[in-house]
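In: Sharing a sequence plus its predicted fold:
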Amino acid sequence: MNTVVSPTLSVAIFAAAQAVKSVLAGQSLTEVLTTVPKEQKAVVQSISFYSMRHLMSAQALAQQLLSKKAPNTLVHALLLVGLSLLIVPRKRIHEDFTQGIPFYQDFTIVDETLKAAQRHKKSASFKGLLNACLRRYLREQDKLWEIIDQQETVQFDYPQWWIDLIKKSYPQEWKAILRAANIPGPLTLRVNRRKITREAYSAELNRLAIAHQCVGEDAIILEKAVPVDQIPFFQQGYCAVQDAGAQIAASLLPLRDGLRVLDACAAPGGKTAAVLERANIDMTAIDIEEKRLARVAENLKHLGLYSDKVSLYTADATTQSWWNGEPFDIVMADVPCTASGIVRRHPDIKWLRKESDIAKTARLQREIVRNLWSVLKPGGYFLYITCSVFPQEGQEQATFIEKHFSDAIRLEAPGQLLPLATDQQPRPWHDGFFYALFRKAEGTHV
Ligand SMILES: C[S@@+](CC[C@H](N)C(=O)[O-])C[C@H]1O[C@@H](n2cnc3c(N)ncnc32)[C@H](O)[C@@H]1O
């Protein structure tokens, strides 16, 4: 095992501020974090994720503290990161779930943020301003919170349009849905049933005194997250990391050896692999992004699931250029969506999405579904999936499929899976997903 030397806090704060700045300019945090040196990754990720989770609060405080606009985006981002570390004790929902976000003394946070500012000429000359803002926050925090805490956006740390939409869609559960997504998701494994049974893997974890919980058919939730290289038998392909909600896909399909299955939006291949673990099927997996599709191949190889029965194509699921004309027994359409159901694992989504994106993705989803319905055999199964909690991408699309295709028969499936935070279960065991399953009536023509 490699020993990773932790960077100093100021280095981590500086890198986290760069990451926050990039997200505010529209870049995905996952993408930004790939450029962070390995030895800094864990701490930079934990600080930038925390800042993303509580960005609305930090922004509202920054607005109170600055008499005018921040001099530049780097200084603004440093202020947001410094403030988000200072508000940890106020925002802490449950001791165990802060996962890696350490408590620092207030004076340490201020000093290290100022040292971070010194790392770049654009921020070095504004150390005085940062110092004044952070110290004023410490002096006047009760008064400041009294002013900003009236705002729903601050109470929940979401943009107002998002809060309004969740409130309208789920009048009973809206608060629990919003709160759940601000708590980091657990590390969940899917046991590769080709290599070991879930029971045997669980027994192995018990032997190693690794606390865990078995959920669903193949999932194991580890009580404490660890780096993947410390997951027992991960390197040998005995398990993969996959949210328990995502694992439901394979369990809904009537899989058996010899069937022709299409995974239409496959990358990085989590559901492709889960399906291949269950039966010797003839798998066609496509994805529009070449780089992401390459990860499907890597992941299948790692799990020992890659064979000549697997065909991978970089292709657009709204076209049929990739198709050899032979219809599929099963089509799995894990369509592109706003990803509003996986915010706890990707907190930048809250700030990257715009309300207008929902209609755009919903249009693309319908285009993909229209195209894929025609590659399905009569009598075949069609599984529509999104990792969204917005009904426009879930329930409304399922209703569209039922109405638009006269040969579509809707079958039993979970529908909208909501991750809800309750006092008993502050951290839900799955992300937000939508599943609708259809059968194409027999006697229809492709
Ligand atoms: C929700 S992710 C799929 C996750 C994957 N099924 C899994 O379980 O690992 C959606 C995928 O759709 C792909 N995608 C987006 N537009 C597409 C299109 N028009 N045709 C095919 N794939 C598309 C994206 O590149 C992305 O990899």
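Out: On my side now, so go ahead.
In: Contacts only, for residue 178.
Out: Shown in contact with residue 178 (Cβ atoms under 8 Å, 6 or more residues apart in numbering): 156, 158, 163, 166. Heads up, the C-betas are built off the backbone N, CA and C, glycines and all.
In: can you check residue 148 too?
Out: For residue 148, the contact set (Cβ under 8 Å, 6+ apart) comprises 57, 60, 61, 64, 154.
In: okay, the contacts of residue 178 in JSON lines with distance to residue 249, neighbour count and pLDDT next?
Out: What follows is the contacts of residue 178, written out as JSON lines (distance: Cβ to Cβ, whole Å; neighbours: other Cβ atoms under 10 Å; pLDDT from 0 to 100):
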{"residue": "156", "distance to residue 249": "29", "neighbour count": "23", "pLDDT": "95"}
{"residue": "158", "distance to residue 249": "27", "neighbour count": "22", "pLDDT": "97"}
{"residue": "163", "distance to residue 249": "29", "neighbour count": "19", "pLDDT": "98"}
{"residue": "166", "distance to residue 249": "24", "neighbour count": "22", "pLDDT": "98"}
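In: just to revisit the earlier point, which of the contacts of residue 148 count as buried?
Out: Those of those that meet the buried threshold are 57, 60, 61, 64, 154, by 16 or more other Cβ atoms under 10 Å.
In: What is the three-state secondary structure of the first one?
Out: Here residue 57 is helix, with the state taken from DSSP: H, G, I helix; E, B strand; the rest coil.
In: Now name the helix or strand holding the residue nearest to it when sequence neighbours are not counted.
Out: Computed as Cβ to Cβ, 6 or more residues apart in numbering, the closest residue to residue 57 that is not its neighbour in sequence is residue 154, at 5.1 Å. For residue 154, the host element (DSSP states H and E) is helix 152-156.
In: how far does that helix sit from the chain's center?
Out: Computed by Cα atoms, centre = their mean, to the nearest Å, the chain-centroid distance of helix 152-156 equals 21 Å.
In: Run through the residues of the chain sitting next to the ligand.
Out: Within reach of the ligand by Cβ under 6 Å from any ligand atom, the chain has these residues: 246, 265-271, 286-289, 292, 316-318, 334, 336, 368, 387.
In: Name only those of those residues that count as buried.
Out: For the residues of the chain next to the ligand, buried by 16+ other Cβ under 10 Å: 246, 265-271, 286-287, 317, 334, 336, 368, 387.
In: Inside strands: which ones of the residues you listed?
Out: 286, 287, 334 (DSSP state E).
In: Contacts only, for the last one.
Out: In this structure, residue 334 makes contact with 249, 263, 264, 265, 266, 271, 385, 386, 387, judged by Cβ under 8 Å, 6+ apart.
In: before we move on, back to that, quick check, nearest of the buried ones among the residues of the chain next to the ligand to residue 170?
Out: Nearest to residue 170 out of those is residue 387 (Cβ to Cβ; 16.6 Å).
In: okay, the residue nearest to residue 57: pLDDT?
Out: Per-residue pLDDT puts residue 154 at 96.
In: who's in contact with it?
Out: By Cβ under 8 Å, 6+ apart, the contact list for residue 154 reads 56, 57, 60, 148.
In: any chance you could map the strands in the stretch 51-200 of the chain?
Out: For the stretch 51-200 of the chain, the strands defined by DSSP state E, counting those that start in this stretch cover 187-191.
In: Flag the shaky bits of the stretch 151-300 of the chain, pLDDT-wise.
Out: Along the stretch 151-300 of the chain, no part satisfies pLDDT under 70.
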